[in-house]
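Undergrad: this one's sequence-less:
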């Protein structure tokens, strides 16, 4: 089965800015994990089974400012038996210029919070997904 790119958009408002007048990194991290969660939950088809295990880091490429329209684009790019790794990028919804990208790993759990198999069998067959899959496999 092929994975899907999931896109969410956010308008940067005054209340999301830091003391430099740019988007607060903590707010972007929140949105980043949320967008990544959406991609994982859509594949598993259950929001109650997915918990965040690790944010592998965000690479900030340029600051976002008030009035920028961010698109957070995420997709599952690797998985194990219980884990799901998502690649996410935040870019301008107007110019497609990159602001940040990175990976988030989630774990599929049962009602008691114990790891359980998610049953995914996804294919990563485009050049972009093959590269992202290799990068995800090398995350620690």
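TA: Thanks, I have the structure now. Not measured: the values here are computed from a predicted model.

Undergrad: Can you report phi and psi for residue 78?
TA: phi -160, psi 160 (degrees, to the nearest 10).

Undergrad: Check what pLDDT it gets.
TA: Note on residue 78: pLDDT of 96.

Undergrad: can I assume it is in contact with residue 130?
TA: No: assessed by Cβ atoms under 8 Å, residue 78 is found out of contact with residue 130, at 10.8 Å. For every residue, glycine as well, the C-beta is placed using N, CA and C.

Undergrad: Who has more neighbours out of those two?
TA: residue 78 (23 against 12; other Cβ atoms under 10 Å).

Undergrad: so that one bridges to which residues?
TA: For residue 78, the beta-bridge partners under DSSP bridges are residue 85.

Undergrad: OK, contacts around it?
TA: Going by Cβ atoms under 8 Å, 6 or more residues apart in numbering, residue 78 touches 84, 85, 124, 132, 133, 136, 137.

Undergrad: Could you export the residues you listed to a markdown table, including columns for distance to residue 28, pLDDT and secondary structure?
TA: Below are those laid out as a markdown table (distance: Cβ to Cβ, whole Å; pLDDT from 0 to 100; DSSP: H, G, I helix; E, B strand; the rest coil):
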| residue | distance to residue 28 | pLDDT | secondary structure |
| --- | --- | --- | --- |
| 84 | 21 | 97 | strand |
| 85 | 19 | 97 | strand |
| 124 | 26 | 92 | coil |
| 132 | 20 | 96 | helix |
| 133 | 25 | 95 | helix |
| 136 | 21 | 96 | helix |
| 137 | 26 | 94 | helix |
